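need coordinates for the following:
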Amino acid sequence: MFDILYLLVVLWAVSIARTALFWLYLWQLKEYHIPRFIDHFRTHKGRRIFINVFFIVKLCIFIALFGISQRAFGFLITFWVLMALYAVDIAFMIIRRRVFTPVWTRKTLLLTTLTAFVIAVLTLYLRGNIRIFMVLDVLVPVIVSAVVLCVQPFFVLVRHRILKKAREKISSYKNLIVIGITGSYGKTSTKEFLKTILSQQFVVLATPEHKNSEMGIAQTILNELNDKHQIFIVEMGSYTKGGIKLLCDIVKPNIGIVTGVNEQHLATFGSMENLLSAEGGEELLQSLPPNGTMVFNGDNKYCLDLYKKSKIKKQKLYTVNKNVSADIWAEEISVTKDSLDFVIATKEKHMAHCIVNVLGKHNIQNILGAAAIAMELGMRLETIAASCEHITPDQAGITLKQGIDGIEIIDSSYSANPTGVKADLEHLKTFSGKKVVVMPCLIELGKKSADVHYVLGKKIAEVCDLAIITTKDKFEYLRMGAKSRGMKEGDMISRENPQEIFQKIKEFCSEGDTVLLEGRVPKELIRLLTK
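Predicted coordinates for the structure are as follows:
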């Protein structure tokens, strides 16, 4: 019996470690942001964490162990079921080769150590009691969350200290030009395009990748900014009202741009008013100095509204198609499956031919926004157009890859928002053959979620021959929208398993067909399709 108990403890320890790592991963994924963390449990995946066979059986065993005497035969049976449950759980983990772990940083290492310490202390204190083992197992999410929330005030103090250092350092560079970029979408691409263009004439630093929070920006200032830099481009993201103002208070931007606004992150902002204040550009606009410049995307209704009520003296409006108020726009647009060819035109009647090796007509919008800022900084339009030749496909966040069996893969799998999905589907039209989209339902859309998914369903039906949806949250609204545009029920399906999705694509597609991977689809699927 001792050996069996020892085996149970080993299985329990492995299982509980995996569970603890998952919850640490989830907290980190949601950036330790409580509203985002809570919103996750409104999704199908979030609910399934607790509403699944494994957890329900475990809970039943937990209740049974407390209701049966340890000397009763039923306790022994329950004990063996518990052993089998742990063994199956670990077997599935090995077969799937998938364990969710956080990205290892000093913060996650500390949280992991503290979580392990708390569980170890409770285990040693309550040793020998199988019932208490089960209590700890069920309470792992609570233990991890309690550790995260208890330690968070310490990290808030550390954060304030780091932000203060960053603020002091950047304020010492009196001649540094700071460009703030915000919006619901298009921030990263615009930042990358702008960095490439300006680098032809200036020494430029930009916040890396998708690091647009206060800590990411502060660390860039402290670790990378030096007196050789002439321009600092700052991508600004937020999930709460006042978040962009906080970032502006640190970096003091001279120039601002709002790239586009939609319902993305509405659930975390709580209202469209709060969203428009932060990612909508209002806080960035209000933070600019009197001689600052604000640039607006005139193709977006929210940006256009802000432009019309703005009182800043220097403001620029860019549009893809010529607008009576636009300062810069595009003409003679030609879109191929892997490049853009267009003419940049300005109200001063300057024109320059531009060829860019990126995917999607929507990226013309981001290039125009970058060009408007570059012109404000004194770059000639011809130089800007020539600089665009140095822009690479990966900077646009959407790339074309050669897939198996001659299938073309459009990889736009970093993240998804309503406007981006529509734009990528529009680009899919430029391809011949059958067209397939693989994507999850969108998250953090709040009360607008059902309407947004219905509209996306209509767009999918307009473009695609097959749609494979990898999550179930708003699948019915997608299907209703697609059905309203004539898409057959069997042409929009829900699949979560990467192998099943891969097999469906192999059966459906042949050489010359195209698959769009939109949003956070499984990495295994990307590997299978492109190996």
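
got a list of contacts for whichever strand or helix holds residue 480?
Assigned by DSSP states H and E, residue 480 belongs to helix 475-484. Applying Cβ atoms under 8 Å, 6 or more residues apart in numbering, the contact partners of helix 475-484 are 441, 449-451, 453-461, 467, 469, 489, 491-492, 494. Backbone N, C-alpha and C define where each C-beta goes, glycine included.

okay, buried residues for it please.
475, 477-483 (16 or more other Cβ atoms under 10 Å).

what stretches of this protein score poorly on pLDDT?
1-6, 8, 65-76, 78-79, 96-97, 126-133 (pLDDT under 70).

break it into its domains for me.
The chain resolves into domains spanning 2-152, 173-393, 399-530 when parsed by automatic domain parsing.

could those be laid out in JSON lines, adding distance to residue 165?
Shown next, in JSON lines, are the domains of the chain (distance: least, Cβ to Cβ, whole Å):
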{"stretch": "domain 2-152", "distance to residue 165": "16"}
{"stretch": "domain 173-393", "distance to residue 165": "6"}
{"stretch": "domain 399-530", "distance to residue 165": "30"}
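
so for residue 166, which of those sits nearest?
domain 173-393 (3.7 Å; Cβ to Cβ).

what about that closest one, how long is it end to end?
In terms of Cα to Cα, to the nearest Å, the two terminal residues of domain 173-393 are separated by 33 Å.

ok, now stretch 185-205?
End to end - Cα to Cα - stretch 185-205 spans 21 Å.

just how off-centre is it within its chain?
Offset of stretch 185-205 from its chain centre (Cα atoms, centre = their mean, to the nearest Å): 20 Å.

what comes up buried for it?
Buried residues in stretch 185-205 (16+ other Cβ under 10 Å): 185-198, 201-202, 204-205.

so which of those residues are in helices?
187-198 (DSSP state H).

which one of the domains of the chain lies nearest to residue 161?
Comparing the domains of the chain by Cβ to Cβ, domain 173-393 comes nearest, at 9.9 Å.

so how far is the closest one from its chain's centroid?
On Cα atoms, centre = their mean, the centre of domain 173-393 falls 19 Å from that of its chain.

just say helix, strand or coil for residue 318.
Classification of residue 318 by DSSP: H, G, I helix; E, B strand; the rest coil places it in strand.

tell me, how many residues neighbour the nearest residue to it once chain neighbours are set aside?
Nearest non-adjacent residue to residue 318, counting by Cβ to Cβ, 6 or more residues apart in numbering: residue 368, 4.2 Å away. Under the neighbour criterion other Cβ atoms under 10 Å, residue 368 is assigned a count of 28.

do the one 10 residues further on as well
Residue crowding around residue 378 was assessed by other Cβ under 10 Å; the count is 9.

now the residue nearest to residue 327 when sequence neighbours are not counted: how far from residue 257?
What sits nearest to residue 327 in space, not counting adjacent residues and going by Cβ to Cβ, 6+ apart, is residue 316, at 4.7 Å. Relative to residue 257, residue 316 is positioned 9 Å away (criterion: Cβ to Cβ, to the nearest Å).

which residues do those two both contact?
Counting by Cβ under 8 Å, 6+ apart, the common neighbours of residue 316 and residue 257 are 294-296, 372-373.

and these, which two are the farthest apart?
Farthest-apart pair in these is 296 and 373; separation 11.6 Å (Cβ to Cβ).

which of the two has more residues huddled nearby?
Higher neighbour count among residue 296 and residue 373: residue 296, with 31 against 27, using other Cβ under 10 Å.

neighbouring contacts of the helix or strand harbouring that one?
Using DSSP H and E, residue 296 falls within strand 293-297. Contact with strand 293-297 is made by 183, 186, 254-260, 281, 284-285, 288, 303-304, 306-307, 310, 312, 314-319, 365, 369, 372-373, 376, as judged by Cβ under 8 Å, 6+ apart.

what's the angle from it to helix 187-198?
Orientation check (axes from the mean of the first three to the mean of the last three Cα atoms, to 10 degrees): strand 293-297 against helix 187-198 gives 120 degrees.

would you put the C-alpha positions of strand 293-297 in CSV?
The C-alpha coordinates for strand 293-297 follow below in CSV (Å, rounded to 0.1, in the frame of the first residue of the first chain):
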residue,chain,number,x,y,z
THR,A,293,1.2,67.4,-34.9
MET,A,294,-1.6,64.9,-35.0
VAL,A,295,-2.1,62.5,-37.9
PHE,A,296,-5.5,60.8,-38.5
ASN,A,297,-6.7,57.9,-40.6
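
show me what the next helix-or-strand element following that strand is packed up against.
Using DSSP H and E, the next helix or strand after strand 293-297 towards the C-terminus is helix 301-309. Other elements packing on helix 301-309 under the criterion 3 or more Cβ pairs under 8 Å, 6 or more residues apart in numbering; DSSP states H and E are strand 293-297, strand 314-319.

can you put these in a markdown table and add distance to residue 276?
Formatted as a markdown table, those follow (distance: least, Cβ to Cβ, whole Å):
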| stretch | distance to residue 276 |
| --- | --- |
| strand 293-297 | 13 |
| strand 314-319 | 17 |
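
among those strands, which is the most enclosed?
Each of the helices and strands packed on helix 301-309 was scored by mean neighbour count; the highest is strand 293-297, a mean of 27, by mean count of other Cβ atoms under 10 Å.

partner strands of that strand and their direction?
Note on strand 293-297: by DSSP bridges, its sheet partners are strand 255-258 (parallel), strand 314-319 (parallel).

angle of it against helix 301-309?
Using the same axes, to 10 degrees: strand 293-297 against helix 301-309 is 140 degrees.
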